[in-house]
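Peer 1: Pasting a predicted model and its sequence here:
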Amino acid sequence: MERRESQSIGDVLRLAFQENCMQDRLDERKAIDTWRLIVGPDLAAQCMQPSVRNGVMTIGVRNASLRQELHMNRSRIAAAINAHLKRQVIDQLSFTGPSLHRMSR
């Protein structure tokens with residue numbers, strides 16, 4: 001058996017993620033986890049768990065006035081999430097009523 005150049009486990013895992021297109025899903029999961037950090041625990045508690053698909057984060061919000069306030073600040077929130085992740089993961093935020101959020105998941 002021929003010995004090849006050694007690689008760190010981290011490098012091997014990164015390569016495996018890239019080759020299997022898993023990096024995008026991992027980034028989406030990180031964006032969901034970052035939502036609570038960006039908006040804070042009190043505001044996050046008033047919203048449903050976000051979902052992310054193809055760069056669009058969808059969050060169900062029960063309160064219509066809060067939904068409107070978040071909608072007006074969606075570009076700032078998306079920029080803060082992307083800055084925290086140090087890469088462009090979220091292209092758009094969508095705030096829906098709770099019943100529509102359940103159906104979109």
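Peer 2: Sure thing, it's come through.

Peer 1: would residue 5 count as being in a strand?
Peer 2: No. Under DSSP: H, G, I helix; E, B strand; the rest coil, residue 5 falls outside any strand and is assigned coil.

Peer 1: residues contacting the residue nearest in space to the middle of the chain?
Peer 2: Centroid-nearest residue in the chain, with Cα atoms, centre = their mean: residue 31, separated by 2.4 Å. Applying Cβ atoms under 8 Å, 6 or more residues apart in numbering, one finds that residue 31 lies in contact with 50, 52, 57, 81, 85, 89, 90. Glycine gets a C-beta too; all of them are placed from N, C-alpha and C.

Peer 1: again with residue 65
Peer 2: Residue 65 neighbours (Cβ under 8 Å, 6+ apart): none.

Peer 1: And it, how far from residue 46?
Peer 2: 11 Å (Cβ to Cβ, to the nearest Å).

Peer 1: same check, this time on residue 25
Peer 2: Taking Cβ to Cβ, one finds residue 25 at 27 Å from residue 46.

Peer 1: cool, and residue 12?
Peer 2: 42 Å.

Peer 1: For these two, work out which one has more neighbours and name it.
Peer 2: residue 46 (13 against 10; other Cβ atoms under 10 Å).

Peer 1: confidence score at that one?
Peer 2: Per-residue confidence (pLDDT) for residue 46: 94.

Peer 1: who touches it in this structure?
Peer 2: With contact taken as Cβ under 8 Å, 6+ apart, residue 46 is in contact with 61, 62, 63, 66.

Peer 1: Near residue 60, how many other residues are there?
Peer 2: 22.

Peer 1: One more: the one 3 residues further on?
Peer 2: Around residue 63 sit 13 other residues, with neighbours defined as other Cβ under 10 Å.

Peer 1: do residue 38 as well
Peer 2: Neighbours of residue 38 under the rule other Cβ under 10 Å: 17.

Peer 1: Pull out the buried residues from stretch 40-56.
Peer 2: Using 16 or more other Cβ atoms under 10 Å as the test for burial, stretch 40-56 gives 44, 47, 48, 50, 51, 52.
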